[in-house]
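**Q** got a predicted structure here, sequence first:
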Amino acid sequence: MAHSSTVEVLYHAHHSWLNGWLRRRLGCPDSAADLAQDTFMRVLSARETPSIVEPRAFLTTIAKRVLYNHYRRQDLERAYLETLAQMPELLAPSEEDKAIILQTLLELDQLLDGLPRLVKHAFLLAQVDGLKHGEIARELGISIATVKRHLHKAALRCYFAL
């Protein structure tokens, strides 16, 4: 109970300031409001609130992570839409399938976050493009043994996340 009351006090004292801080960075009041809420949801969903000496610095740190994820999501969505635009109209997925695919891509991106770039690239070449180990090795300029290690590392990340 103490955790939620601490977050409530933090929210009432600093929500307007955080919303303004995000609005200046985003230029969009609606997105700023959404990300301010996401920031406080992260604080609320934490197991325990650390002792906060500088509340605005604390909130800024969390908000920067939320903002980074927002931009990353936008980049991924833009790349997906660009790929779709290159497809013949007859092969393009339905709107429902597009939404499901985009959500899956976002979840996969979050799941693989923190892995080295080559590990992610190898995993995506295998899972999305359907390439075999030898083809991935040639594409990335690495050995087949390294491809196997990369795929194993990514698979473990996925397995333990579930």
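**A** Looks like it arrived, so ask away.

**Q** so after the strand or helix carrying Met41, what's the next helix or strand?
**A** Per DSSP states H and E: Met41 is located in helix 29-45. Where DSSP H and E defines the elements, the next helix or strand beyond helix 29-45 is helix 55-85.

**Q** what mean pLDDT does that next one have?
**A** Helix 55-85 shows a mean pLDDT of 90.

**Q** next, count neighbours for Asp97.
**A** A count of nearby residues for Asp97, using other Cβ atoms under 10 Å, gives 10. Just so you know, the C-beta spots here come from the backbone N, C-alpha and C atoms, and that holds for glycine as well.

**Q** how close does it get to Leu22?
**A** 32 Å (Cβ to Cβ, to the nearest Å).

**Q** picking that back up, what is the helix holding Met41 packed up against?
**A** In terms of contacts (3 or more Cβ pairs under 8 Å, 6 or more residues apart in numbering; DSSP states H and E), helix 29-45 is packed against helix 2-26, helix 55-85.

**Q** give me the residues contacting stretch 84-91.
**A** Stretch 84-91 has contacts (Cβ atoms under 8 Å, 6 or more residues apart in numbering) with Ala92, Pro93, Lys98.

**Q** how far off centre is the helix holding Met41?
**A** 15 Å (Cα atoms, centre = their mean, to the nearest Å).

**Q** I'm done for today, thanks for sticking with me.
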